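> Coordinates for the following, if possible.
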Amino acid sequence: MATALISPTKTHIKPGKLLINGEWVETGKTFDTINPATGEVLTQVAEASAADVDRAAAAARAAFDKTGKGAWRSMPASERGRLLWKLADLVEKNIEELAELETLDNGKPIFESRYVDMPMVIDVFRYYAGWATKIHGETVNTFENAFTYTLREPVGVVGAIVAWNFPLLLASWKLGPALACGNTVVLKPAEQTPLTALRLGELAAEAGFPAGVLNIITGGPETGKALVAHPGVDKVAFTGSTVVGKEIMRSAADTLKRVTLELGGKSPNIVFADSDIDSAVKGAINGIFYGKGEVCCAGSRLFVESKVQDEFLGKLVERTKKLQPGDPLDPKTRLGAIVSQQQMKQILGYIETGKTEGAQLISGGKRATVGKGNGFFVEPTIFGGVKNHMTIAREEIFGPVLAALAFDDVDQVAELANQNPYGLAAAIWTKDIKRAHALSRRLKAGTVWINTYGLMDAALPFGGYKQSGFGRELGAQALESYTEVKTVWLAL
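Predicted structure coming up:
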């Protein structure tokens, strides 16, 4: 059903510049950032060249090496924590603007941007603000004639590269621990969604972050490659596709820089016959259609116990038909626009592949028309009769496409769930808590939800097994990726 698009009324969108050493810098080349709900250009953004990347890395290095007044790593930890808390306050103060920017640039519903993403950005910065004063080493009893201890020190210059599905949230996952530990950062947002990162740069300056501590460069793959390869960058933290993650590993090997990767997923969402069916149906819908399915941990493989499969899929299709793509700026919309035309075409291509390979299309499957029809919308799509070897069950589609499979017992579903190169997340729906815990141990996934889907907290680590990457974001575990441990011996 076509609906009129609402014109933005609050946000002034400026052309994007680079933030290098506390100054906003123009470049000779720009690119468009597009509103995926309309296909229209929002503004032009500076494209960083290799020389710009070099200047940003040099600024971050100078800020890291600086001593005396304004030095970042030797600044009292409580002051770093205060600045991170101040940044969280400013995000909260400007939450409406940031949420609307995120929705305009990404196409996600304003409900998600305003009431899910931005509140967690605030939580993440406050969580790591608290950690700033709690990063320390240990004394260790060794020989009687020696005093030995460890220091936990910042790694140095961090190159942070984030994906377009949760632009500001993913940036906070890297900036929070990196800055709390005393590192300096060069942040590269995805070229499709740079606007909230640039606004965050303005807020960081307003909060009082010293020049060079946070640098923001915008651009496409070549900009990212230059950042990864730069010898002045000590660590790369990346969220994105597994294909690009592998390229980053190869490039980072030349300088032996540290790498953490949060990559793709094809998460199994497992429903047993004894579960609360209605709750599981809601969980399945949330698991795949939240964020338009452009979620690395989306529950894109739905395993339903055979004895309740017909009942479950019937209820699932009935509820899904009520979920219609709509104007992302409408507070009632729950399914927004796909981030780009390229991504929309890729999703539609997977749908055709699913039909060709013999899966049964039981709901959706087409491009949706919203407003004038120039936006990038896809109907919520469900396939039944899927086999684990099919393309739509193996590969990450990154869109609102669900592959439903049947299983008969715990052993079978454990094997099927693990028969995939990814291992980011999984979910189990059952009233048998013993079975849930036992199966959780068998699933090769970094997160397992039981009788829910998608819950996250700044204090809990998130990351993957297998080709979903390595390292952990969030929680105390993330701090390990942004620090070095030094051992000191003193002979007595």
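> How is the closest residue to Tyr290 other than its chain neighbours assigned, secondary-structure-wise?
Leaving out its chain neighbours, the residue that sits closest to Tyr290 by CB to CB, 6 or more residues apart in numbering is Gly454, at 6.3 Å. All C-beta atoms are positioned from the backbone trio N, CA, C, and that covers glycine. Look at Gly454: counting by DSSP: H, G, I helix; E, B strand; the rest coil, its state is coil.
> show me what contacts Gly454?
286-287, 290, 295, 297 (CB atoms under 8 Å, 6 or more residues apart in numbering).
> try it again with 10 Å
Going by CB atoms under 10 Å, 6 or more residues apart in numbering, Gly454 touches 116, 267, 283, 286-287, 290-291, 295, 297-299, 425, 427, 447.
> Make TSV out of those and add neighbour count and secondary structure.
Below are those laid out as TSV (neighbours: other CB atoms under 10 Å; DSSP: H, G, I helix; E, B strand; the rest coil):
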residue	neighbour count	secondary structure
Val116	19	helix
Ser267	34	coil
Gly283	23	helix
Asn286	17	helix
Gly287	26	helix
Tyr290	21	helix
Gly291	24	helix
Val295	22	coil
Cys297	27	coil
Ala298	31	coil
Gly299	29	coil
Ala425	29	strand
Ala427	29	strand
Thr447	22	strand
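> Of these, which is the nearest to Asp105?
Using CB to CB, Gly291 comes nearest to Asp105 of the contacts of Gly454, at 14.1 Å.
> Do I have it right that the closest one meets Glu112?
Yes: the pair Gly291 / Glu112 is scored as a contact, 6.6 Å apart, by CB atoms under 10 Å.
> list the residues that contact both of the two?
106, 166, 336.
> ok, now which ones touch the nearest residue to Gly107 once chain neighbours are set aside?
Closest residue to Gly107 apart from its sequence neighbours, by CB to CB, 6+ apart: Ala337 at 3.2 Å. For Ala337, the contact set (CB under 10 Å, 6+ apart) comprises 5, 35-39, 103, 106-109, 292, 325-328, 343-344, 368, 370-371, 375-378.
> and Ala337, helix, strand or coil?
Applying three-state DSSP: Ala337 is coil.
> ok, back up a step: mind putting the contacts of Gly454 into CSV with distance to Arg61 and pLDDT?
Shown next, in CSV, are these (distance: CB to CB, whole Å; pLDDT from 0 to 100):
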residue, distance to Arg61, pLDDT
Val116, 36, 98
Ser267, 39, 98
Gly283, 47, 98
Asn286, 43, 97
Gly287, 42, 98
Tyr290, 40, 97
Gly291, 36, 97
Val295, 35, 98
Cys297, 34, 98
Ala298, 38, 98
Gly299, 42, 98
Ala425, 36, 98
Ala427, 43, 98
Thr447, 35, 98
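> of all the residues you listed, which comes closest to Glu396?
Taking the contacts of Gly454 together and measuring to Glu396 by CB to CB, the closest member is Ala298, at 8.5 Å.
> how close does the one residue sitting closest to the centre of the chain get to Gln341?
Nearest to the mean C-alpha position of the chain, by CA atoms, centre = their mean, lies Leu170 at 4.4 Å. Using CB to CB, to the nearest Å, Leu170 is found at 22 Å from Gln341.
> Tell me where the stretch 301-450 of the chain has helices.
309-320, 341-356, 391-394, 410-418, 433-442 (DSSP state H, counting those that start in this stretch).
> out of these, which comes closest to Lys257?
Ranking the helices of the stretch 301-450 of the chain by their distance to Lys257 (criterion: CB to CB) puts helix 341-356 first, at 29.4 Å.
> bridging residues for Thr184?
Val157 (DSSP bridges).
> And for it, the neighbour number?
By other CB atoms under 10 Å, 29 other residues sit near Thr184.
> again with the one 4 residues further on
Residues contacting Lys188 under the criterion other CB under 10 Å number 27.
> ok, now which ones touch it?
Lys188 makes contact with 48, 53, 56, 159-162, 171, 194, 197, 215-220, 223-224, 226-228, 238, according to CB under 10 Å, 6+ apart.
> And Thr67, what's its pLDDT?
We have a pLDDT of 86 for Thr67.
> three-state assignment of it?
Classification of Thr67 using three-state DSSP returns coil.
> And the spatially closest residue to it that is not a sequence neighbour, how close does it get to Glu102?
Using CB to CB, 6+ apart and skipping the chain neighbours, the partner closest in space to Thr67 is Ser74 (6.4 Å). Remark: distance between Ser74 and Glu102 (CB to CB) = 35 Å.
> out of the two, which sits in the more crowded spot?
Comparing Ser74 with Glu102 by other CB under 10 Å, the one with more neighbours is Glu102, at 27 against 11.
> Kindly provide the distance from that one to Leu18.
For Glu102, the distance to Leu18 - CB to CB - is 20 Å.
> now swap in Asp52 and tell me
In terms of CB to CB, Asp52 sits 6 Å off from Leu18.
> Does Phe407 touch Leu439 like I think?
No: if you go by CB under 10 Å, Phe407 and Leu439 don't touch, sitting 11.5 Å apart.
> any common contacting residues for those two?
With CB under 10 Å, 6+ apart as the test, Phe407 and Leu439 both reach 270, 272, 413-414, 417.
> Please list all residues in contact with Gly287.
Contacts of Gly287 by CB under 10 Å, 6+ apart are 267, 269, 280, 293, 295, 297-302, 402, 425, 427, 449, 452-454.
> re earlier: can you check what pLDDT the model gives the residue nearest to Gly107?
pLDDT recorded at Ala337 is 98.
> now do the one 3 residues further on
On pLDDT, Ser340 comes in at 98.
> Please apply the same query to the one 4 residues further on.
Here the pLDDT value assigned to Met344 is 98.
> tally of neighbours for it?
By other CB under 10 Å, 22 other residues sit near Met344.
> Ok, Gly22 next?
Neighbours of Gly22 under the rule other CB under 10 Å: 17.
> same check, this time on Ala51
Neighbour count of Ala51, defined by other CB under 10 Å: 10.
> what do you get for Gly28?
8.
> Backbone dihedrals for it, please?
phi -80, psi -10 (degrees, to the nearest 10).
> Name the nearest residue to it, ignoring sequence neighbours.
Ser49 is the one closest to Gly28 (CB to CB, 6+ apart), at 8.0 Å.
> Who are the contact partners of that neighbour?
Contacts of Ser49 (CB under 10 Å, 6+ apart): 18, 27-29, 55, 217, 219, 222-223, 226.
> per-residue confidence at Asn145?
93.
> ok, now how distant is the nearest residue to it once chain neighbours are set aside from Gly464?
Spatial nearest neighbour of Asn145, chain neighbours left out: Leu492 (4.9 Å); criterion: CB to CB, 6+ apart. Distance, Leu492 to Gly464, by CB to CB: 46 Å.
> So for these two, which residue has more residues nearby?
Remark: of Leu492 and Gly464, Gly464 carries more neighbours, 27 against 7, as counted by other CB under 10 Å.
> measure Lys17 to Ala426 for me?
Distance of Lys17 to Ala426, computed by CB to CB: 42 Å.
> If you could redo that for Lys355, that was the one I meant.
27 Å.
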